[in-house]
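Asker: here you go, sequence then predicted model.
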Amino acid sequence: MFGYTFFWSLVWDKLPELLEGAKLTLEITILSMIVGTTIALPLALMRRQATGPGYRFATAWVELARNTPALFQIYMGYFGLGAFGLQLSSFLATFIALSFNNAGYLAETFRGGLNAVPPQQFSAARSLGMSSLRAYMHVVFPQVFRIVFFPYVNQLNWALLNSSLGSIVGLRELTGATQAAQSESFRTFEFFIVTAAIYYLMAKVVEISARLTFWRLFRS
Amino acid sequence: MIEIKNVRKSFGPIEVIKGVDLTIEKGEVLCLIGASGSGKSTLLQCINGLEPINGGQIVVDGVDVHGRKTDLNKLRQKLGIVFQQYNAFPHLTALENVALAPRIVKKASKADAMKLATEHLEYVGLSSRANMRPASLSGGQQQRLAIARALAMKPTYMLFDEVTSALDPELVGEVLDTMRKLKSAGMTMVVVTHDIAFARETGDRVAFFDRGTICEVGQSRQVINEPREERTRQFLQRVLN
Amino acid sequence: MKFQLPYSGLQWSDLPFLLTGIFHTILLTVVAAAIGTVIGIILGWLRESSVVARYILAIYVDMTRSVPLIIQFILVNSVFSLAGLALDPFVVGVIVLSLYMGVLTSELVRSGLQSVRPELKKASRSLGMNYWQELFHVSGPLALRTSFPSWVGTVIALAKDTSLVGVVGYVDILRATQILINRTNEALLMLGVTGLFYFLICYPISLYSRRLERTLQ
């Protein structure tokens, strides 16, 4: 179009590098989700307290995560900690920022899920003779799990897409790898269309696996 | 006059109205009774074209409701309808609720619409609530508001779809009083109801709906006190006990 | 910006630069939110009322939500330069963010319209209102009321997403900060100011919208 010829073969040559980048994208996404989830659970419980130092700490975390851009958080890790003598790599800065964000948003998701299960469920379980632990494990958490499943997958999708921010501080995940790969030939459009397709594929795989998993777990 | 001629209606594979014939004369109050799911509410919504029909014809004052060339919006101005719940527009005050349709459908001026609305709110006894939103009104008041709103369009016929079924018992009376007042004023009414006492006292005729057809129809006192059909008798026995 | 030595400290003359960054962030947010909302209302109505539109738009919505915003910025930029039109970075930002906002808003409008109780629509049509009168006077206002708190949340998210326009050369506050950090090494101070800026804009608004949501229940 417009007398422009597309050079797809250039992209094809660089495909291995792009896929390496995609691999890093997946790694950083999964790791940040694991860390984020682990921190989110205690944060959610602290938020349910409604008062006390735990509540204040958790609230500060959540509000900072929700009211500042992810890129800002990456800059904080990459540039900001330099003042304290800490020189974080682009990977660490991105990973920590993503985990921080995941933890904040997931804490709210989990809190919402816990609130959505009526307390009568717990009382009913106890009245049937279950211990607190059993009541939580067999009655409350399965319901919470079902409620938070898709919001959780949404967060996973967010982490996957926003890992691309790492490229701005030099990380060679998929976007960063693409930036580097196209810097020789400047075929920006061809390269990034392919990258967009790769992201789309990854996001779709996540979404379809999630739906299948939900269907298999919660068949009714 | 409303003429319902051999009307059939299906929802997908399920036929809910299986050939119904009914005529409603000007000035009469016809009550439709019957078990839930027997097709009464659906028939009501077919009369003003909210629901399409699969067979037969409904003619209101000579106009085929489901005719291809029928101006349904115009026809509906003759047919007021009140539903079981969620009638009132929640984002408007009572006065605005009643004034809305006259203003935008009949192109009345704002002043005329407001005057009309005030009169009708007074008719149903809601003058003191004119500037309140439906959320601040009781269920009975909301239903009376819905009646006022329908009346403001000066309909020839009023259709009532189980308007007291969702109300707390103590609020039912005020709505029924309003309906009796309407009857005294000579309004033609088709009332789907579970309230057998109302059907007997206020209805002129009663039609008993059973599984998609009219099992029995006649003068209200006769159908309810001395039903001719066995199924009518069984239904009334279940309901009145 | 007047000539500065590399790695010179922070000067007062940097203040206008920073303020311009702030202005750009706010400008981009407001313009993209406004255009995006209009697009979103139209798209949302289309998706709700027409099955054909729903399927066609579903593909577009799907793509917008599965491709990182950065990539969208870069792609739009490169498409226009391929066509020989060198677009102002602001315009690229507006295009991408408006479309993004449009997609998100259409989601809200669609579910807002669906949440209007069918009896209200039936009552309106029974009073003789036609389709457009009902939409304009009953369903529309109700749908907008229901979706307002979420819309506010979306605008806040948009404000944060403007931080990505730096990749196409538009100098918003975060990009301005990055430039100043590279020159002055005053990372903590600059980031502190920027973080405070974002927080002061987003936090009060999100508190307000949460309070709104609670009163709507």
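Answerer: Nice, I can see it.

Asker: next SSE after the helix or strand hosting residue A:56?
Answerer: Per DSSP states H and E: residue A:56 is located in helix A:53-67. Downstream of helix A:53-67, the next assigned helix or strand under DSSP H and E is helix A:70-78.

Asker: wait, does that following helix contact chain C?
Answerer: Yes - counting by CB under 8 Å from any CB of the partner chain, chain C is contacted by helix A:70-78 at A:70-72, A:75-76. Where C-beta positions appear, they are placed from N, C-alpha and C, glycine not excepted.

Asker: just want the most central residue of chain A.
Answerer: In chain A, the centroid-proximal residue (CA atoms, centre = their mean) is residue A:159; its distance is 2.9 Å.

Asker: from chain B, how far out is it?
Answerer: 39 Å (CB to the nearest CB, to the nearest Å).

Asker: and residue C:149, by the same measure?
Answerer: On the measure of CB to the nearest CB, residue C:149 and chain B end up 15 Å apart.

Asker: helix or strand: which one has that residue?
Answerer: Assessed by DSSP H and E, residue C:149 sits inside helix C:140-161.

Asker: got the angle for that helix vs helix A:53-67?
Answerer: Orientation check (axes from the mean of the first three to the mean of the last three CA atoms, to 10 degrees): helix C:140-161 against helix A:53-67 gives 90 degrees.

Asker: about what we covered before: now the residue nearest to the centre of chain A, nearest residue through space, not along the chain?
Answerer: Excluding the flanking residues, the one nearest residue A:159 by CB to CB, 6 or more residues apart in numbering or on different chains is residue A:29, at 4.8 Å.

Asker: what is the orientation angle of whatever helix or strand the one you found lives in with helix A:53-67?
Answerer: Applying DSSP H and E as the criterion places residue A:29 in helix A:15-49. Computed by the same axes, to 10 degrees, the angle separating helix A:15-49 from helix A:53-67 equals 140 degrees.

Asker: strands along chain A, start to end?
Answerer: Assigned by DSSP state E, chain A shows no strands.

Asker: where does pLDDT dip in it?
Answerer: Confidence mapping of chain A against pLDDT under 70 gives the ranges A:1-4, A:220.

Asker: repeat that for 80
Answerer: Residues of chain A that meet the criterion pLDDT under 80 lie in A:1-11, A:82-85, A:219-220.

Asker: right, is stretch C:194-209 up against chain A?
Answerer: Yes - using CB under 8 Å from any CB, stretch C:194-209 reaches chain A at C:194-195, C:198-199, C:202-203, C:206.

Asker: residues of chain C that sit close to chain B?
Answerer: C:117, C:119-120, C:122-130, C:133, C:137-138, C:141-142, C:145.

Asker: OK, contacts around residue B:46?
Answerer: Contact analysis of residue B:46 by CB atoms under 8 Å, 6 or more residues apart in numbering or on different chains lists B:7, B:9, B:17, B:52-53, B:58, B:65.

Asker: just send those back as CSV, with secondary structure and neighbour count too.
Answerer: Conversion of these to CSV gives the following (DSSP: H, G, I helix; E, B strand; the rest coil; neighbours: other CB atoms under 10 Å in any protein chain shown):
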residue, secondary structure, neighbour count
B:7, strand, 23
B:9, strand, 23
B:17, strand, 26
B:52, coil, 10
B:53, coil, 22
B:58, strand, 22
B:65, coil, 22
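
Asker: just to revisit the earlier point, pretty sure the residue nearest to the centre of chain A contacts residue A:33?
Answerer: Yes - applying CB atoms under 8 Å as the test, residue A:159 and residue A:33 come out as touching, 5.6 Å apart.

Asker: with residue A:106 as the reference, measure out to the residue nearest to the centre of chain A.
Answerer: 10 Å (CB to CB, to the nearest Å).

Asker: common neighbours of the two, please.
Answerer: Between them, residue A:159 and residue A:106 share the contacting residues residue A:36, judged by CB under 8 Å, 6+ apart.

Asker: wait, residue A:92 touches residue A:77, no?
Answerer: Yes - using CB under 8 Å, residue A:92 is in contact with residue A:77, at 6.9 Å.

Asker: looking at these two, which is more packed in?
Answerer: residue A:77 (22 against 15; other CB atoms under 10 Å in any protein chain shown).

Asker: in chain C, what residue spans correspond to helices?
Answerer: Listed in chain order, the helices of chain C (DSSP state H) span C:14-49, C:51-66, C:69-82, C:89-114, C:118-126, C:131-134, C:140-161, C:173-184, C:187-216.

Asker: so which of those helices is nearest residue A:46?
Answerer: helix C:187-216 (18.8 Å; CB to CB).

Asker: report the buried residues of the closest one.
Answerer: By 16 or more other CB atoms under 10 Å in any protein chain shown, the buried positions in helix C:187-216 come out as C:187-191, C:194-195, C:197-199, C:201-203, C:205-206, C:209.

Asker: what's near enough to touch the residue nearest the centre of chain C?
Answerer: What sits nearest the mean C-alpha location of chain C, by CA atoms, centre = their mean, is residue C:158, with 3.4 Å. Counting by CB under 8 Å, 6+ apart, residue C:158 touches C:29, C:32-33, C:36, C:97, C:100-101.

Asker: for those residues, which two are the farthest from each other?
Answerer: Among the contacts of residue C:158, C:29 and C:100 lie farthest apart (CB to CB), at 12.1 Å.

Asker: tell me if residue B:153 really is in a strand.
Answerer: No - the assignment for residue B:153 (DSSP: H, G, I helix; E, B strand; the rest coil) gives coil, which keeps it out of a strand.

Asker: what is the nearest of the buried residues of helix C:187-216 to chain B?
Answerer: Set against chain B, the nearest of these by CB to the nearest CB is residue C:209 (18.8 Å).

Asker: ok, that closest one touching residue C:149?
Answerer: Yes - counting by CB under 8 Å, residue C:209 touches residue C:149, with 4.5 Å between them.

Asker: what's the neighbour count on the residue nearest to residue A:159?
Answerer: If you count neighbours by other CB under 10 Å, residue A:29 ends up with 24.

Asker: next one: it from residue B:13, what distance?
Answerer: To residue B:13, residue A:29 is 47 Å away according to CB to CB.

Asker: what's the pLDDT at the residue of chain B found nearest chain A?
Answerer: Ranking the residues of chain B by distance to chain A (CB to the nearest CB) places residue B:12 first, at 22.8 Å. Listed pLDDT for residue B:12 reads 89.

Asker: list the contacts for it?
Answerer: So residue B:12 contacts nothing (CB under 8 Å, 6+ apart).

Asker: just residue B:141 next, same as before
Answerer: With CB under 8 Å, 6+ apart, residue B:141 has these contacts: B:126, B:129, B:171, B:174.

Asker: tell me the residues of chain C that contact chain A?
Answerer: C:63, C:65-72, C:74-75, C:77-79, C:81-84, C:156, C:160-161, C:163-164, C:166-167, C:174, C:177-178, C:181, C:185, C:187-188, C:191, C:194-195, C:198-199, C:202-203, C:206.

Asker: what subset of the residues you listed is buried?
Answerer: Those of the residues of chain C next to chain A that meet the buried threshold are C:63, C:65-72, C:74-75, C:77-79, C:82, C:156, C:160-161, C:163-164, C:166-167, C:174, C:177-178, C:181, C:185, C:187-188, C:191, C:194-195, C:198-199, C:202-203, C:206, by 16+ other CB under 10 Å.

Asker: mind checking how far residue A:63 is from residue B:198?
Answerer: Between residue A:63 and residue B:198 the distance, using CB to CB, works out to 57 Å.

Asker: now residue B:230
Answerer: Distance from residue B:230 to residue B:198, by CB to CB: 24 Å.

Asker: between those two, who's got more neighbours?
Answerer: The neighbour comparison of residue B:230 against residue B:198 (other CB under 10 Å) goes to residue B:198, with 20 against 10.

Asker: nearest residue to that one other than its sequence neighbours?
Answerer: residue B:176 (5.9 Å).

Asker: again, but for residue A:106
Answerer: Excluding the flanking residues, the one nearest residue A:106 by CB to CB, 6+ apart is residue A:40, at 3.6 Å.

Asker: mind listing what the one you found touches?
Answerer: By CB under 8 Å, 6+ apart, the contact set of residue A:40 is A:102-107, A:109-110.
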